[in-house]
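Chemist: Sequence first, predicted coordinates after that:
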Amino acid sequence: MTTFFDRRYYTRYEVQLSGKAADERGVAASVEVPDISIEGARVRTDDPLPISVGSIIYLLIKWKVNIKLKGEVRWLKKDGPFLEFGIKFLDIDMDTRQTLSGLISEHALSNLSAPYLK
């Protein structure tokens, strides 16, 4: 039996966000973001996107405000018609980091179960 060891430093939060991803050549695709943290995200698309592990991706996430991020593809998985991949964010400026951190914190707090709120 193989044990999975999650090496992530930051917690990933389940979300249902949409956006756009583009590779360095400008090939773009509509995407969904099923989970996110301050350091990366899982991205899913059924549009063709010619990427591989190590590719640089530009991601626009539509949340309460649009967030533009640059990331490196860390893993890929084909799931039927969908391509799913994980990205690690790169070169996040302080304003974007604060915006993303605030949105993630707000999301986390709004999803706390009742016992934590008493």
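Modeler: Yep, it's here. Numbering: from 1, shown residues only.

Chemist: Quick one: end-to-end distance for stretch 60-70.
Modeler: 9 Å (Cα to Cα, to the nearest Å).

Chemist: in that stretch, what's buried?
Modeler: For stretch 60-70, a neighbour-count test (16 or more other Cβ atoms under 10 Å) marks 61, 63, 67, 69 as buried. Heads up, the C-betas are built off the backbone N, CA and C, glycines and all.

Chemist: where does the first one land in three-state SS?
Modeler: Counting by DSSP: H, G, I helix; E, B strand; the rest coil, the backbone at I61 sits in strand.

Chemist: and if you look at the third one?
Modeler: Secondary structure, three-state DSSP: I67 is strand.

Chemist: host element of the residue positioned nearest the centre of the chain?
Modeler: Centroid check for the chain by Cα atoms, centre = their mean gives A41 as the closest residue, at 2.2 Å. Using DSSP states H and E, A41 maps to strand 40-45.

Chemist: Any idea how many residues pack against P48?
Modeler: By other Cβ atoms under 10 Å, the residues close to P48 number 9.

Chemist: pLDDT score for it?
Modeler: Looking at P48, its pLDDT is 84.

Chemist: about what we covered before: look up which residues are beta-bridged to the residue nearest to the centre of the chain.
Modeler: Beta-bridge partners of A41, counted by DSSP bridges, are I36, I87.
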